[in-house]
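Asker: Next input, structure requested:
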Amino acid sequence: MITTLRCAFSQWSPGLGDNTAMGWVTVLVYLLAAILSTQAARAMQGPEAKVRRERIFWRITAAVLFFLAVNKQLDLQTLFTMIGRCNARLMGWYDMRHTIQREFILAVGIAGVLTVGLLALLLRGILGRVWPALLGIGFVCAFVLIRAASFHDVDGLIGSWAMGIKVNWLLELPGPILVALVAARRRRVVGPG
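Answerer: Sure thing, here's the model as predicted:
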């Protein structure tokens with residue numbers, strides 16, 4: 001494991017991963033969504049089970065979004081990709097990496113479907129109020145995980161432009177924007193906390 005980490009850290013170092021204007025706009029969108037999620041959680045008052053579940057949902061959402069804001073600049077998924085590549089080289093299965101990447105994406109997809117099902121069960125009674133935010137988090141997490149798989153075709157698509165807008169922005173920004181809108185609405189509906 002030490003050899004794998006040495007290899008990975010020789011190819012990755014902490015620093016600004018997307019030091020562009022749009023990179024920082026994306027960080028700010030994540031942070032705004034995290035702040036609004038925190039405010040929505042604080043607005044959820046009362047001991048009722050539905051209120052407690054929604055408060056927990058918004059706290060977890062805020063934590064995930066804050067992590068994604070930090071990750072946007074530290075580029076941690078690249079570190080995890082490097083760890084995987086180094087491990088593949090050291091263990092002798094690097095030539096099979098495309099098969100492993102496909103299996104990883106399939107496993108992530110299955111895990112995502114199972115997670116959504118479990119969340120729907122756990123959030124019963126409040127799902128109608130929070131499902132768009134949950135969908136937004138799902139979009140962002142899927143984007144990050146697929147990006148971490150580092151298929152060259154996916155990397156090419158993400159880096160391309162459509163109608164003067166980078167596809168990366170079209171795929172990454174709607175999720176946290178959706179969460180921010182739902183959190184702001186939930187905060188207003190419930191009232192200040």
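
Asker: pLDDT score assigned to the residue positioned nearest the centre of the chain?
Answerer: Ranked by distance to the mean C-alpha position of the chain (C-alpha atoms, centre = their mean), the top residue is C141 at 3.2 Å. As predicted, C141 sits at a pLDDT of 78.

Asker: again with P192
Answerer: What the model reports as pLDDT for P192 is 51.

Asker: Show me what counts as buried in stretch 81-91.
Answerer: Using 16 or more other C-beta atoms under 10 Å as the test for burial, stretch 81-91 gives T81, M82, I83, G84, R85, C86, N87, A88. C-betas here are computed from N, CA, C, even on glycine.

Asker: What of stretch 125-140?
Answerer: Residues of stretch 125-140 classed as buried: I126, L127, R129, V130, A133, L134, L135, G136, I137, G138, F139, V140 (neighbour count, 16+ other C-beta under 10 Å).

Asker: Was I right to think the fourth one contacts R55?
Answerer: No. Look at V130 against R55 with C-beta atoms under 8 Å: they stay out of range, at 11.0 Å.

Asker: Now the element after the helix or strand containing V25, going C-ward?
Answerer: V25 belongs to helix 21-43 when elements are defined using DSSP states H and E. Once helix 21-43 ends, the next helix or strand along the chain (criterion: DSSP H and E) is helix 49-74.

Asker: chain center to the helix or strand following that next one, what's the gap?
Answerer: Counting by DSSP H and E, the next helix or strand C-terminal to helix 49-74 is helix 76-91. A distance of 20 Å separates the centroid of the chain from that of helix 76-91, by C-alpha atoms, centre = their mean, to the nearest Å.
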